[in-house]
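Visitor: Output the structure for:
(one chain, ligands or ions: 1)
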Amino acid sequence: MIASPMEFLACLLMSDKTVIRSSNLKRLICLSIEDTMEASLTKQELLKKYFNPKEYYDISYAKGKGILLGEWVPFVLKNLHELFSSGSVKGDTLTDIGSGSSIYHLVSACRSFKNITTSDLLEQNLIQQKKWLNKEPDMLDWSEIVQIVCDLEGNSEKVEEKEDKLRRAVRDVLKCDVLKKNPFEPLVLPPADCVLCCLCLESACKDVATYCDTVKNLKNLLKPGGHIIVLGTIKNSYYSVKEKRIPTMPLKEEDIKKAYTDGGYEILRMESKRREDLSLISIADFQGFYFVLARKPGKC
Ligand SMILES: C[S@@+](CC[C@H](N)C(=O)[O-])C[C@H]1O[C@@H](n2cnc3c(N)ncnc32)[C@H](O)[C@@H]1O
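Guide: Residues are numbered from 1 along each chain as shown. Take a look at the predicted model:
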């Protein structure tokens with residue numbers, strides 16, 4: 001007895017009696033079975049299967065062609081530079097959640113934090129990140145972006161010096177799942193002075209309710225009085241890594257404010273910016289970006 005349409009198609013395909021003679025039709029059926037199987041993968045399974053750190057870097061940040069270089073990177077670097085150079089957010093420890101294989105968002109932070117932990121869900125990202133930290137020959141090249149931070153800081157340090165300073169500050173590269181009550185389980189991290197999260201929550205969360213719960217739960221990683229800094233995209237439903245579209249959760253501006261207020265934080269600053277260049281919308285369909293700085297109540 002055939003239980004499902006997929007099983008029916010599979011039976012037709014494997015039939016000796018060649019019910020289906022056309023090879024094109026067989027191909028179509030194969031594709032449709034693949035699609036059906038893909039559709040049943042969870043977000044995390046899709047990420048594990050398709051998120052290739054090198055391809056993500058090439059599409060997003062590679063010199064002269066990354067689609068995030070035009071608006072996203074300047075937005076992040078300017079906001080983080082202003083924040084960290086103001087001296088209003090500082091301390092010993094900073095935990096970065098969902099770092100991927102990226103380091104661009106940590107360059108300004110290493111002036112204010114001497115002890116940085118990076119983290120991600122995917123083993124392949126942790127491996128790639130460690131390659132940059134260890135200066136391995138096939139590491140990703142972030143020098144163009146590091147140069148922008150050096151320019152913002154008045155070129156008091158050269159790119160190589162800045163990169164080495166960041167390498168010294170990153171003490172741990174850890175596996176984490178931001179959706180878990182303890183994202184670092186089985187480890188329990190000492191509460192940090194600052195939690196940073198760049199382009200991760202929309203990727204990890206399936207809906208606004210999960211985003212709100214996750215934001216609230218991140219308070220557990222912070223000391224009383226500690227800061228959370230989150231940068232992300234507005235109304236983004238996918239981004240592409242090579243030919244594969246990775247789904248993300250489209251967040252509206254009003255959802256963002258509510259998440260941090262209801263999550264028990266004091267919002268200190270919130271910025272947003274509309275995307276102006278829509279030419280590469282087929283690669284990622286975000287409509288804008290946001291930056292939130294919020295504080296966990298209590299005394300440091
Ligand atoms: C769009 S990438 C951003 C990477 C990096 N932060 C950046 O700004 O380029 C999204 C990242 O979120 C990570 N991620 C997705 N779900 C996660 C989860 N549940 N826990 C931790 N990281 C997650 C992915 O592995 C990926 O590295």
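
Visitor: Would you mark the buried spots in stretch 204-224?
Guide: By neighbour count, with 16 or more other CB atoms under 10 Å as the criterion, the buried positions of stretch 204-224 are 204-205, 208, 211-215, 217-219, 221-223. Heads up, the C-betas are built off the backbone N, CA and C, glycines and all.

Visitor: Between these, which sits nearest the ligand?
Guide: Each of these was checked against the ligand using CB to the nearest ligand atom; the closest is residue 204, at 3.4 Å.

Visitor: show me what contacts the nearest residue to that closest one once chain neighbours are set aside?
Guide: Leaving out its chain neighbours, the residue that sits closest to residue 204 by CB to CB, 6 or more residues apart in numbering is residue 178, at 5.1 Å. Residue 178 sits next to 97, 98, 121, 197, 200, 201, 204, 214, 218 when contact means CB atoms under 8 Å, 6 or more residues apart in numbering.

Visitor: 10 Å - rerun?
Guide: 97-98, 119-121, 184, 197, 200-201, 203-205, 214-215, 217-218, 221 (CB atoms under 10 Å, 6 or more residues apart in numbering).

Visitor: Per-residue pLDDT of the residue nearest to the spatial centre of the chain, please?
Guide: The C-alpha lying nearest the average C-alpha coordinate of the chain belongs to residue 200 (CA atoms, centre = their mean; 3.1 Å). The model reports residue 200 with a pLDDT of 98.

Visitor: hang on, isn't it packed against residue 97?
Guide: Yes: in this structure residue 200 lies within contact range of residue 97 using CB atoms under 10 Å: 5.7 Å.

Visitor: Overlap of the contact sets of the two?
Guide: Taking CB under 10 Å, 6+ apart as the contact rule, residue 200 and residue 97 both touch 119, 120, 121, 176, 178, 214, 230.

Visitor: Can you check these and name whichever has the most neighbours?
Guide: In terms of neighbours by other CB atoms under 10 Å, the shared contacts of residue 200 and residue 97 top out with residue 120 at 27 neighbours.

Visitor: Quickly list what it is bridged to.
Guide: residue 175 (DSSP bridges).

Visitor: quick one on the thing from earlier: filter the buried residues of stretch 204-224 down to the ones near the ligand?
Guide: The subset of those within reach of the ligand, by CB under 6 Å from any ligand atom, is residue 204.

Visitor: Out of the buried residues of stretch 204-224, which two sit at the greatest distance?
Guide: Using CB to CB, the buried residues of stretch 204-224 reach their maximum pairwise distance at 208 and 223, which is 27.4 Å.

Visitor: so who does residue 263 touch?
Guide: With contact set as CB under 10 Å, 6+ apart, residue 263 has these partners: 211, 212, 213, 214, 215, 216, 217, 218, 219, 228, 294, 296.

Visitor: now the residues you listed in CSV, with pLDDT?
Guide: Shown next, in CSV, are the contacts of residue 263 (pLDDT from 0 to 100):
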residue, pLDDT
211, 98
212, 98
213, 98
214, 98
215, 98
216, 98
217, 98
218, 98
219, 98
228, 98
294, 98
296, 98
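
Visitor: Specify the local secondary structure of residue 68.
Guide: Secondary structure for residue 68, judged by DSSP: H, G, I helix; E, B strand; the rest coil, is coil.

Visitor: how far away is it from residue 202?
Guide: Distance check for residue 68 against residue 202: by CB to CB, to the nearest Å, it reads 14 Å.

Visitor: quick one: common contacting residues for these two?
Guide: By CB under 10 Å, 6+ apart, the residues touching both residue 68 and residue 202 are 233, 239, 286.
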